[in-house]
Every structure is written in C-alpha cells, then in structure tokens.
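K.L.:
Sequence below, structure please.
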Amino acid sequence: MNEVPLSRYRIQFQKGDLLRYIGHLDLHRTIERTLRRSKLPVDYSKGFNPRVKLNLSSALPLGCTSIAELADIWLLSDLKTSDVLKALRSAAPPGLSFHTVEQIDLKTPSLQSQINAVEYRVQIQAMGDTTSLVESVRLILDSEELLRDRRGKRYDLRPLIQQLEICMDQSAPASLRMILQVGEGTTGRPEEVLSALGIDPAEAHIERTQVFLEPTPLS
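P.N.:
Numbers count the residues shown, from 1 in each chain. Model (predicted):
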C-alpha cells in the first residue's frame, strides 16, 4: 500500500545574493536537494523518476533576490513546525535562508493559484537627483496604457502595475516600491517597469519583499 502525505507545510524563505543568478528550475533543484539533506520524511511523486513533492511560488526574475519566497512541501509525518524549520535550516546551502514554517490544510489550493500580486523594492545605483524619476513615475501612473514588447508580443503593462512609488528615507538611499499583478499570462515584471522608466535594470538591485495571496476558500 502506498504511503500518503499526512501533513503539508508552507515555508517562507530568502533567496540571497549568492543565488540571485540561478533560475527558477535551478532554485527548485536546490530546494529539492536541501529537503533530501534535511532527512525530513518528504513525499515523492510516483513513477520511474520520483521527485520530491514541492510547489514554489511564481518564478522570480533572474538576477533578483527575495526575502519573501514561498514553497509548499508534503510530509509523510505530522511534525511540529519548529522541528521542520530546524531541519531545513541545518541543511540549507549558502544563499538560502528559511524564515518561517506554517502547517496548512492538505486541501489548500495550489500556491501558484493563490498568488495575485507581488511587491518589489528596487535600489538604483547612483540615483542622484530624483526629480526626473518623480516625473517618470507620475507619467506612468497617469497613463491609460503602457504598451511594451516582450518576446515579439505586444502587451499593455499599465494594468499590471497596482502601485508604484518612490520611497524617501533620510537613513537610506531613495528606492522604488512597486506592487505588480500576478496571473496566468498577465504577470508584471519589475525589469519591464524599470525600462519604461528609462532605467537600465542592470543598474538596479531588485528584491521581492512580499507575496500577496488570495484568501483560502472556506470548505
């Protein structure tokens, strides 16, 4: 008789500078290896090539860091969240930090289907005077549409920008804060927003700071 998962956990983790240039699939493999090293009783897919049952949040653009990545894992035992977190931290490679673990219902919808928006903070190298940037942000927010080309396809970026603002702090350099929509075929990308502002994404440090989830429907 095949074993079935007894528990499901949602994990928040950080993808640091050491991992900023690995893609989504490589990040998935890195977490798979971490789970194997952790010795947690993880559930595996069936078939000739079993894989750790793992569900990540929406793909992070290459070159970005994050303090708010999410992943769901399924275990064959019902463990304390503190024990799961301890095991993950002990097995984590450099650049990967686990922050919190929450046990969720096995019937909770998939992580990707719950995500509706994400927040980014952008530090721009040698920003200098922000006057022109303030005007560029205003023009974008006042625009009815913002047509962009991506991989040969034309699309409107404007409805994907939920919030865009300049954050001024006397104790730190000015930064951009943006909340972008996430959905099937309608995901806003921070590098596209920067390009629309006339900023080279290569001259910016982009970090995902929050993932917004739709409320779980009541059963």
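K.L.:
who's in contact with the closest residue to residue 45 other than its chain neighbours?
P.N.:
Ranked by CB to CB, 6 or more residues apart in numbering and with sequence neighbours excluded, the top spatial neighbour of residue 45 is residue 51, at 4.9 Å. To be clear about C-beta, it is placed using only N, CA and C from the backbone, and glycine gets the same treatment. The contact partners of residue 51, by CB atoms under 8 Å, 6 or more residues apart in numbering, come to 32, 44-45.
K.L.:
Quick check: residue 49 is in a helix.
P.N.:
No: the secondary structure assignment for residue 49 gives coil rather than a helix, going by DSSP: H, G, I helix; E, B strand; the rest coil.
K.L.:
any idea how far it lies from residue 193?
P.N.:
39 Å (CB to CB, to the nearest Å).
K.L.:
Likewise for residue 40?
P.N.:
Counting by CB to CB, the gap from residue 40 to residue 193 is 38 Å.
K.L.:
give me the low-pLDDT residue ranges for the protein?
P.N.:
Low-confidence segments of the chain, defined by pLDDT under 70: 1-2, 126-129, 170-172, 216-219.
K.L.:
what bridges to the spatially most central residue of it?
P.N.:
Centroid check for the chain by CA atoms, centre = their mean gives residue 69 as the closest residue, at 4.4 Å. When bridges are called by DSSP bridges, residue 69 pairs up with residue 13.
K.L.:
got the contact list for it?
P.N.:
In this structure, residue 69 makes contact with 12-15, 56-57, 60, 208, 211, judged by CB under 8 Å, 6+ apart.
K.L.:
All the strands of the protein, residue numbers only.
P.N.:
With strands called from DSSP state E, the chain shows them at 7-15, 54-56, 65-75, 96-104, 115-124, 147-150, 153-156, 161-169, 172-181, 204-213.
K.L.:
contacts for the first one?
P.N.:
To tie it back to what came earlier, the one meant is strand 7-15. 27, 31, 60, 64-75, 77-79, 81, 84, 88, 95-106, 108, 111.
K.L.:
chain center to that strand: distance?
P.N.:
Strand 7-15 has its average C-alpha position 12 Å from the chain's average C-alpha position, going by CA atoms, centre = their mean, to the nearest Å.
K.L.:
With the second one instead?
P.N.:
Relative to its parent chain, strand 54-56 has a centroid offset of 12 Å by CA atoms, centre = their mean.
K.L.:
What residues of that strand count as buried?
P.N.:
Buried residues in strand 54-56, counted by 16 or more other CB atoms under 10 Å: 54, 56.
K.L.:
ok, now the fifth one?
P.N.:
By 16+ other CB under 10 Å, the buried positions in strand 115-124 come out as 115, 117-122, 124.
K.L.:
Repeat that for stretch 197-208.
P.N.:
Buried residues in stretch 197-208, defined by neighbour count with 16+ other CB under 10 Å: 197, 199, 201, 204-208.
K.L.:
Next, the contact list for residue 182, please.
P.N.:
By CB under 8 Å, 6+ apart, the contact set of residue 182 is 58, 115-118, 188.
K.L.:
Many thanks, we can stop here.
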